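**Q** just a sequence and a predicted model for now, questions to come.
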Amino acid sequence: MTKEPIDIVVIGAGIIGVSTALELQARGRIPLLVDRKGIAAETSRGNAGAFAFSEVEPLATPGIMRRAPRWLLDPLGPLSIPPAYALKIAPWMLKFWRASWSDRYDRAVTAQTRLMQYCEAAFERQLSRFGDPNMIRREGQLELYEGASAFREAQPKWQRRADLGIKVHLLDHPDAIAEIQPGLSRRFTHAGFTPGWFNTTDPQNWTEMLAQRYADQGGRVGTLEVHDMTPRSDHIELVTDQGRLLANQVVLCAGAWSHKLAAKIGDALPLETERGYNTTFDHTSVNLKTHLTFAAHGFVMSKIGDGLRIGGAVELGGLDLPPNYRRAEILVRKAASFMPGLDASGGRQWMGYRPSLPDSLPVIGPSSAGDRILYAFGHGHLGLTQSAGTAELVADLAAQSKPAIDLAPFAAARF
């Protein structure tokens, strides 16, 4: 056991934890960043690399439960629940259904919009202070639709983005689409283009770069697993696989595993895992000019390094079931049919655990034990996007300063 408490321990070295440790350090704190596997060793290493600040709509949209049975019956569809997990996830699905009601949905969109606006500005601050502009690709995003009916159904989303001041271009002919992204099948007749969208060249490299900035300034990193935490009168006691630690404060940002530690102090949070699959190719046989989103099929195609990554889908399957890599295979087959000429050989398959709460909003704020234990998890698909903003908000809370935005919608107590 450490004799003197560590200033502040950050649990989880994905993009949220690394960004948080870096921000705390910049404000004069002395963090210890810990992770059971190391920097970007879990979900932060394999995402699509997108900073998706325009994505303010939660997964639980009005009417989704009418469409869900059709999806859930397809084990390889864009949204699925493995039969072995159906009973266990039922309580979460009930909360998800309630979150889709128009009143909850509207509040979630409003909260997510405010968070996104803050996070976009925070990212630019992070980039100017710590980042590498050469690791950012500002090439936009093209969201594709098959037919006028599907496009009309998406109009409220595009109108909302326009109302928020997000620049969008709506396209209604394959020739117009081809001017932005040549080589796509002409089955895609309509699209929405978001020119301000941008990506990192590689999400793992981006996270590791920020971690190196932290280390260069004397930041400490420990490879250890935290099994338990207990609030004491003047410190937090952590039980790890390498002994006990004492900390003045703790930030819990362990992604899809966070709820297990939160439960140790009595906070039962409905955190689930949206298991996502992808395949990464070190080569590319097509000239990908922008981030492609195949909306109805639940996957994207993005440039990673000198290659490309095809991935997405939502499998609500928890942490313990084995991966079903047929899901990755079907996405690649679809991509090859959507973009003839794509060489789909030699890819590396991967599955990651996106931490998801029923209303698609993260938990950012104090635990029931007070602000000596702070939560920052549950970002779903948007961990990379919201990392810089979350780090600033957590650093405010850690200093007992008023955050720049209202964090009530993100409170753990909302559940």
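**A** Done, it's in.
**Q** shaky segments in the chain?
**A** 1-2, 67-73, 75 (pLDDT under 70).
**Q** need the helices for it, in chain order.
**A** Along the chain, counting by DSSP state H, helices occupy 15-26, 64-72, 86-99, 102-129, 148-153, 155-163, 174-180, 203-216, 258-262, 326-338, 383-398.
**Q** please identify the deepest-packed of those helices.
**A** helix 15-26 (a mean of 28; mean count of other Cβ atoms under 10 Å). Where C-beta positions appear, they are placed from N, C-alpha and C, glycine not excepted.
**Q** got the angle for that one vs helix 203-216?
**A** Computed with axes from the mean of the first three to the mean of the last three Cα atoms, to 10 degrees, the direction of helix 15-26 lies at 20 degrees from that of helix 203-216.
**Q** packing partners for helix 15-26?
**A** strand 6-11, strand 31-35, helix 102-129, helix 203-216, strand 243-252, strand 370-377, helix 383-398 (3 or more Cβ pairs under 8 Å, 6 or more residues apart in numbering; DSSP states H and E).
**Q** recalculate using a threshold of 7 Å.
**A** strand 6-11, strand 31-35, helix 203-216, helix 383-398 (3 or more Cβ pairs under 7 Å, 6 or more residues apart in numbering; DSSP states H and E).
**Q** ok, residues contacting the first one?
**A** Applying Cβ atoms under 7 Å, 6 or more residues apart in numbering, the set of residues contacting strand 6-11 from outside is 17, 20-21, 24, 29-34, 226, 238, 245-254, 261, 398.
**Q** filter those down to the buried ones, PyMOL style.
**A** The PyMOL selection below is limited to those of the contacts of strand 6-11 classed as buried (16 or more other Cβ atoms under 10 Å):
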select buried, resi 17+20+21+24+29+31+32+33+34+226+238+245+246+247+248+249+250+251+252+253+254+261+398
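**Q** for stretch 89-100, C-alpha coordinates in PDB please.
**A** What follows is stretch 89-100, C-alpha atoms only, in PDB (Å, rounded to 0.1, in the frame of the first residue of the first chain):
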ATOM      1  CA  ILE A  89     -30.400  -7.400 -21.500                       C
ATOM      2  CA  ALA A  90     -34.200  -7.200 -21.000                       C
ATOM      3  CA  PRO A  91     -34.000  -4.600 -18.200                       C
ATOM      4  CA  TRP A  92     -31.700  -2.400 -20.300                       C
ATOM      5  CA  MET A  93     -34.000  -2.700 -23.300                       C
ATOM      6  CA  LEU A  94     -36.900  -1.500 -21.200                       C
ATOM      7  CA  LYS A  95     -35.000   1.700 -20.300                       C
ATOM      8  CA  PHE A  96     -33.900   2.000 -24.000                       C
ATOM      9  CA  TRP A  97     -37.600   1.800 -25.000                       C
ATOM     10  CA  ARG A  98     -38.500   4.500 -22.500                       C
ATOM     11  CA  ALA A  99     -35.600   6.700 -23.700                       C
ATOM     12  CA  SER A 100     -37.100   6.500 -27.200                       C
END
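**Q** output the helices of the chain in JSON lines; the columns should cover distance to E4.
**A** Formatted as JSON lines, these follow (distance: least, Cβ to Cβ, whole Å):
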{"stretch": "helix 15-26", "distance to E4": "18"}
{"stretch": "helix 64-72", "distance to E4": "51"}
{"stretch": "helix 86-99", "distance to E4": "41"}
{"stretch": "helix 102-129", "distance to E4": "30"}
{"stretch": "helix 148-153", "distance to E4": "59"}
{"stretch": "helix 155-163", "distance to E4": "50"}
{"stretch": "helix 174-180", "distance to E4": "58"}
{"stretch": "helix 203-216", "distance to E4": "22"}
{"stretch": "helix 258-262", "distance to E4": "23"}
{"stretch": "helix 326-338", "distance to E4": "48"}
{"stretch": "helix 383-398", "distance to E4": "18"}
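**Q** figure out which of those is closest to L407.
**A** Nearest of these to L407, taken as Cβ to Cβ: helix 383-398 at 6.7 Å.
**Q** how far away is R186 from L342?
**A** According to Cβ to Cβ, to the nearest Å, R186 and L342 sit 16 Å apart.
**Q** which of those two has more neighbours?
**A** Shown here are R186 and L342; by other Cβ atoms under 10 Å, L342 has more neighbours (20 against 10).
**Q** please tell me how far L224 sits from R232.
**A** 20 Å.
**Q** the two: which is more packed in?
**A** Counted by other Cβ under 10 Å, L224 and R232 do not tie: L224 has more neighbours, with 16 against 10.
**Q** how about the contacts made by that one?
**A** 34, 36, 240-242 are the contacts of L224 under Cβ under 7 Å, 6+ apart.
**Q** out of the residues you listed, who's the most crowded?
**A** Neighbour max across the contacts of L224 (other Cβ under 10 Å) = V34, 27 neighbours.
**Q** and it, what does it touch?
**A** 9, 11, 222, 224, 226.
**Q** and for R114?
**A** Neighbours of R114 in contact, by Cβ under 7 Å, 6+ apart: I405.
**Q** care to break this protein down by domain?
**A** 6-45+204-268+360-414, 61-100+137-197+271-356 (automatic domain parsing).
**Q** please compute how far the shortest one lies from its chain's middle.
**A** Mean C-alpha position of domain 6-45+204-268+360-414 versus that of the full chain (Cα atoms, centre = their mean, to the nearest Å) differs by 15 Å.
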